[in-house]
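J.: Structure of the sequence below:
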Amino acid sequence: IDVLKIFAIDEAFAQRIRQTYLANSYISQFISLLSYSFSYSSNNPNALFSTTLFKVNVESAGNMLRAAAPSLKLQQVNGVYQFFGLPFAQYAKGDVNYAVLFRPSRYYSIAARIFAGLGYPYGNSNALPFEKRYYEGGANGVRAWHARDLGPGSYKEERLSFPNQTGDLKLEGNIEYRSWLFWKFESALFLDVGNIWSITPADK
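T.: Modelled structure (predicted):
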């Protein structure tokens, strides 16, 4: 259970996001969620595929509250049910992460990774909570962009002076060739591909 409470928001910032997809995420709300995670990893330095990681995350929020809303006599504001004075988030989200390290020689290796994730708001919500949305870029994403600076799709909000791009769908892949130089130093050549997209009408 999380309570996302925004006590104050800068008026200039509020004006900038008012007509953008971000406006639907920067609201105070109640989040009651169920989540499940599965993770598998193996590490054998002597094997050709020396390291393998497979991870799945699934979560949903707001379904029990939405089903119980009539019985609990929850009030509606602008068509949205309130719980203790806050709208509650309702969405489903899941993602898959697979990574492998291929080591044919002690002097070089190839690392590869793919990621796919999707979140979808429905019922009591028309946008995912901000902290539940996907972002792209940064050291663990497409490294040519700063974190939260890429997407959604080809969208670019010129009025925002800082990286703040998020989306509902994320697809990402990268491959990296690593070669030993000397002592504990290695060189690397990598390729990153990926982006985020918005799939709900509220984000258009």
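
J.: Looks to me like A12 is in a helix.
T.: Yes: A12: assigned to a helix according to DSSP: H, G, I helix; E, B strand; the rest coil.

J.: What is the burial count for it?
T.: By other C-beta atoms under 10 Å, the residues close to A12 number 7. All C-beta atoms are positioned from the backbone trio N, CA, C, and that covers glycine.

J.: pLDDT score assigned to it?
T.: Per-residue confidence at A12 stands at 71 (pLDDT).

J.: now the helices for this structure?
T.: Here the chain has its helices, by DSSP state H, at 11-17, 63-72.

J.: Compare the ones you listed and say which comes out lowest on pLDDT.
T.: The minimum mean pLDDT among these belongs to helix 11-17 (a mean of 70).

J.: any weak-confidence spans in this structure?
T.: The chain contains residues with pLDDT under 70 at 1, 5-10, 13-14, 17-25, 153-163, 201-204.

J.: what's the closest non-adjacent residue to the most centrally placed residue in the chain?
T.: Centroid-nearest residue in the chain, with C-alpha atoms, centre = their mean: Y134, separated by 2.3 Å. Among residues not flanking Y134 along the chain, K170 sits closest, at 3.8 Å (C-beta to C-beta, 6 or more residues apart in numbering).

J.: partners of the one you found in the sheet?
T.: Applying DSSP bridges to K170 gives these bridge partners: G117, I196.

J.: My guess is it contacts R133. True?
T.: No: between K170 and R133 there is no contact, the gap being 9.1 Å when judged by C-beta atoms under 8 Å.

J.: In the sheet, which residues pair with S187? Tell me.
T.: Under the criterion used here (DSSP bridges), S187 is bridged to S179.

J.: For it, give its distance to T51.
T.: Distance check for S187 against T51: by C-beta to C-beta, to the nearest Å, it reads 19 Å.

J.: So the two - more neighbours on which side?
T.: T51 (17 against 10).

J.: For the more buried one, give me its contacts.
T.: Taking C-beta atoms under 8 Å, 6 or more residues apart in numbering, we find T51 in contact with 41-44, 99-101.
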